[in-house]
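> My questions concern the predicted model and sequence given below.
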Amino acid sequence: MDTHHRAHDAFVTTHNGHATAWLNLMQRTQAVSNAFKRMAELRAICDQELAELCKNYPEISLAVVATADARLISVRSSMVKDGHRIAAMTGSMLGLCETLARELSAGVCQSAVVSMTDYTCILVRIADPRHPLALAIGVGHNIMLALSRRVAVDLAARISSHIQNLP
């Protein structure tokens with residue numbers, strides 16, 4: 001009888017170990033599912049905001065939202081087919097600007113302007129406590145720089161306010 005109890009206890013212990021492992025797996029799976037769901041919601045918000053931006057300002061030929069570690073979230077462009085490289089450069093440029101701001105003890109980098117011969121790109125940090133994001137908009141010289149920057153900063157604030165409500 002003692003042998004039977006030991007075998008039964010061993011079976012229960014093993015079963016409980018599997019149950020615990022299964023529960024842990026399910027919790028991790030749920031966390032992953034929530035992360036994917038949040039990313040999908042974030043992408044939908046950004047897609048909608050960028051589409052609205054480009055509709056209201058046809059002068060904007062590039063609009064990209066990327067994570068600070070350079071992953072593409074959303075892109076609207078009449079110039080580039082694949083936004084992944086632009087997302088990588090956007091994340092890198094904003095990271096460089098934030099490092100410069102820290103080195104100068106100047107607070108947080110809020111935006112940067114890259115002026116080219118025929119084009120201007122405005123980079124703006126989007127506040128998100130969980131995942132820092134970057135926005136880039138590109139315009140020709142047919143739109144004033146101050147207006148371009150204001151549009152980018154306002155868009156970043158709108159996106160930030162939307163994502164604060166995400167679970």
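On my side now, so go ahead.
> C-alpha from now on. contacts and neighbour counts both.
OK.
> which residues in this protein form strands?
Using DSSP state E, the strands of the chain run over residues 60-67, 72-77, 111-115, 120-126, 133-139.
> Mean pLDDT, mean neighbour count and distance to Leu166 added to these, as JSON lines?
Shown next, in JSON lines, are the strands of the chain (pLDDT from 0 to 100; neighbours: other C-alpha atoms under 10 Å; distance: least, C-alpha to C-alpha, whole Å):
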{"stretch": "strand 60-67", "mean pLDDT": "94", "mean neighbour count": "24", "distance to Leu166": "16"}
{"stretch": "strand 72-77", "mean pLDDT": "93", "mean neighbour count": "22", "distance to Leu166": "15"}
{"stretch": "strand 111-115", "mean pLDDT": "92", "mean neighbour count": "16", "distance to Leu166": "24"}
{"stretch": "strand 120-126", "mean pLDDT": "94", "mean neighbour count": "25", "distance to Leu166": "15"}
{"stretch": "strand 133-139", "mean pLDDT": "95", "mean neighbour count": "26", "distance to Leu166": "15"}
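> okay if I get these as JSON lines plus distance to Val153?
Converted to JSON lines, these look like this (distance: least, C-alpha to C-alpha, whole Å):
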{"stretch": "strand 60-67", "distance to Val153": "13"}
{"stretch": "strand 72-77", "distance to Val153": "17"}
{"stretch": "strand 111-115", "distance to Val153": "8"}
{"stretch": "strand 120-126", "distance to Val153": "6"}
{"stretch": "strand 133-139", "distance to Val153": "9"}
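> any weak-confidence spans in this structure?
Applying pLDDT under 70 to the chain flags the ranges 1-32.
> For the residue sitting nearest the centre point of it, give the beta-bridge partners.
In the chain, the residue lying closest to the centroid (C-alpha atoms, centre = their mean) is Thr67, at 3.5 Å. Note on Thr67: beta-bridge partners Leu133, judged by DSSP bridges.
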